[in-house]
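Chemist: here you go, sequence then predicted model.
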Amino acid sequence: MNREVCRFAPTTSGPAHPGTLLAALLCWLDARSRGARLLLRLEDVDSTRCTPQSADDMRAALDWFGLDWDEVSLQSANRAAHEVALDRLAERGLLYPCACSRSEIKRSGERAADGGWRYSGSCRDRPLPQGGWRAVRETLRLRLVSERIEPEDEGGVDLAQDPAAEMGDPVLLGRSGSIAYHLAAVVDDGQRQVTRVVRGRDLAASTAIHVALQRLLGLSTPSYRHHFLLLEESGGKLAKLHGAVGWHELREHYAPEALCGLLAAAAGLIEAAAPIRPGELLAAFDWRRVRGEDLSMRWTGESLVHPA
Ligand code: GLU
């Protein structure tokens, strides 16, 4: 029996955009071509950015695009397991409250490996209050030890990092009480026995933190593959945060097969953009055909084009 388990785990803070659909397609092709079990995990733990409607909307976008899943879950439903992980880390003395604001961290002026700001660790020696981590009304961080972590990427992306030095101690619980991405993703992958993580290269710099957390929580490390990204002409990622076109607007201009063909051609999976369904790409799917370099695309208001 094939025990491989893959997952697609979009954050549901806004409508799916072309980069979301490309990532979903590559993850789906990878899993289905290997006969692996494929989970859709709607990452909705950030209650300040995600609503039940936005999770439904993500699901609707992926259905419209023609992808199917063996299991669908809402990450927020797994809060109890996330809290158990916090209990375990607290028992080992690895959690501390942090009062530093985003602007204070930014003012320290050091860039992190993921392009954000590195946390300098100014609150690192603060103890948890009497009531433990549950009584913290500030941000909760993980006290990382400095060590070089060298996860392998199947596509050769360099994932090696000393996360303590290059990223700083990660937030595990936000000030609003939301479980943070790194913790939720690692706990959920571990619990569902995910063996393969296929995701965009923008998340490559998070991998060493994920491996550090897996080790602290006694979870096994899956294999990783980080694929190319669609970039806006400006060089920024075609991301929901950057105001790129969402699927509601795309749907007015493309049938799902037409968009699938366009993205498959952009990825290098077919010679030229022509309408095709995801399942029709399966027989010839091979990562060696998928482009390595990021790709710029532009939304004209009517179509997605390669900038001249
Ligand atoms: N939720 C993350 C995102 O949409 C991806 C999580 C992951 O694949 O680890 O960027």
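Modeler: Here it is on my side, so go on. In this text, all values refer to a predicted model and were calculated from it rather than measured experimentally. Numbering: from 1, shown residues only.

Chemist: which ones are touching Glu138?
Modeler: Glu138 is in contact with 97-99, 175, counting by CB atoms under 8 Å, 6 or more residues apart in numbering. From N, CA and C alone the C-beta is placed, and that goes for glycine too.

Chemist: what's the burial count for the nearest residue to Arg79 once chain neighbours are set aside?
Modeler: Nearest residue to Arg79, sequence neighbours excluded (CB to CB, 6 or more residues apart in numbering): Ile179, at 6.7 Å. Counted by other CB atoms under 10 Å, the residues lying close to Ile179 total 26.

Chemist: ok, Ile179 to Arg124 distance?
Modeler: 21 Å (CB to CB, to the nearest Å).

Chemist: up against the ligand, what does the stretch 51-200 of the chain have?
Modeler: 185, 199 (CB under 6 Å from any ligand atom).

Chemist: all the strands of the stretch 51-200 of the chain, residue numbers only.
Modeler: With strands called from DSSP state E, counting those that start in this stretch, the stretch 51-200 of the chain shows them at 71-74, 95-98, 139-142, 171-173, 196-200.

Chemist: what helices and strands are in contact with the fourth one?
Modeler: Just to be clear, that refers to strand 171-173. helix 79-91, strand 139-142, helix 181-191 (3 or more CB pairs under 8 Å, 6 or more residues apart in numbering; DSSP states H and E).

Chemist: so how far is the second one from its chain's centroid?
Modeler: Taking the mean C-alpha point of strand 139-142 and that of its whole chain, the gap between them comes to 20 Å (CA atoms, centre = their mean, to the nearest Å).

Chemist: parallel or antiparallel, which strands does that strand pair with?
Modeler: Paired with strand 139-142 in the same sheet, following DSSP bridges, are strand 95-98 (antiparallel), strand 171-173 (antiparallel).

Chemist: name the member of the contacts of Glu138 that has the highest neighbour count.
Modeler: Counting by other CB under 10 Å, top hit in the contacts of Glu138: Cys98 with 21 neighbours.

Chemist: so that residue bridges to which residues?
Modeler: Thr139.

Chemist: mind listing what it touches?
Modeler: Contacts of Cys98 (CB under 8 Å, 6+ apart): 119, 123, 126, 138-141, 169, 171.

Chemist: could you check the pLDDT of it?
Modeler: In this model, Cys98 is scored at 97, pLDDT.

Chemist: any idea how far Ala90 is from it?
Modeler: Taking CB to CB, one finds Cys98 at 14 Å from Ala90.

Chemist: about what we covered before: what about burial for the contacts of Cys98, which qualify?
Modeler: The neighbour-count test (16 or more other CB atoms under 10 Å) marks 119, 123, 138-141, 169, 171 as buried among the contacts of Cys98.

Chemist: need those in JSON lines (columns: pLDDT).
Modeler: Below are the buried ones among the contacts of Cys98 laid out as JSON lines (pLDDT from 0 to 100):
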{"residue": "Tyr119", "pLDDT": "95"}
{"residue": "Cys123", "pLDDT": "97"}
{"residue": "Glu138", "pLDDT": "96"}
{"residue": "Thr139", "pLDDT": "97"}
{"residue": "Leu140", "pLDDT": "98"}
{"residue": "Arg141", "pLDDT": "98"}
{"residue": "Asp169", "pLDDT": "97"}
{"residue": "Val171", "pLDDT": "97"}
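
Chemist: excluding its backbone neighbours, what's nearest the residue in the stretch 201-308 of the chain that the ligand sits nearest to?
Modeler: Residue of the stretch 201-308 of the chain nearest the ligand, by CB to the nearest ligand atom: Leu203 (5.4 Å). Residue nearest to Leu203 in three dimensions, not counting chain neighbours: His226, with 6.6 Å by CB to CB, 6+ apart.

Chemist: which of the contacts of Cys98 sit farthest apart?
Modeler: Arg126 and Val171 (14.2 Å; CB to CB).

Chemist: just to revisit the earlier point, pick the most buried one from the helices and strands packed on strand 171-173.
Modeler: strand 139-142 (a mean of 24; mean count of other CB atoms under 10 Å).

Chemist: what sits up against that strand?
Modeler: Outside strand 139-142, the residues touching it (CB under 8 Å, 6+ apart) are 86, 89, 94-100, 119, 123-124, 133, 169-175, 213, 216.

Chemist: how does it look with 7 Å?
Modeler: 89, 94-98, 133, 169-175 (CB atoms under 7 Å, 6 or more residues apart in numbering).

Chemist: quick check: of those residues, which lies closest to Val245?
Modeler: Gly174 (28.9 Å).

Chemist: count the residues that sit near the residue of the stretch 201-308 of the chain closest to the ligand.
Modeler: Counted with other CB under 10 Å, residues neighbouring Leu203 total 18.

Chemist: and Ala255, by the same measure?
Modeler: Count around Ala255 with other CB under 10 Å applied: 11.
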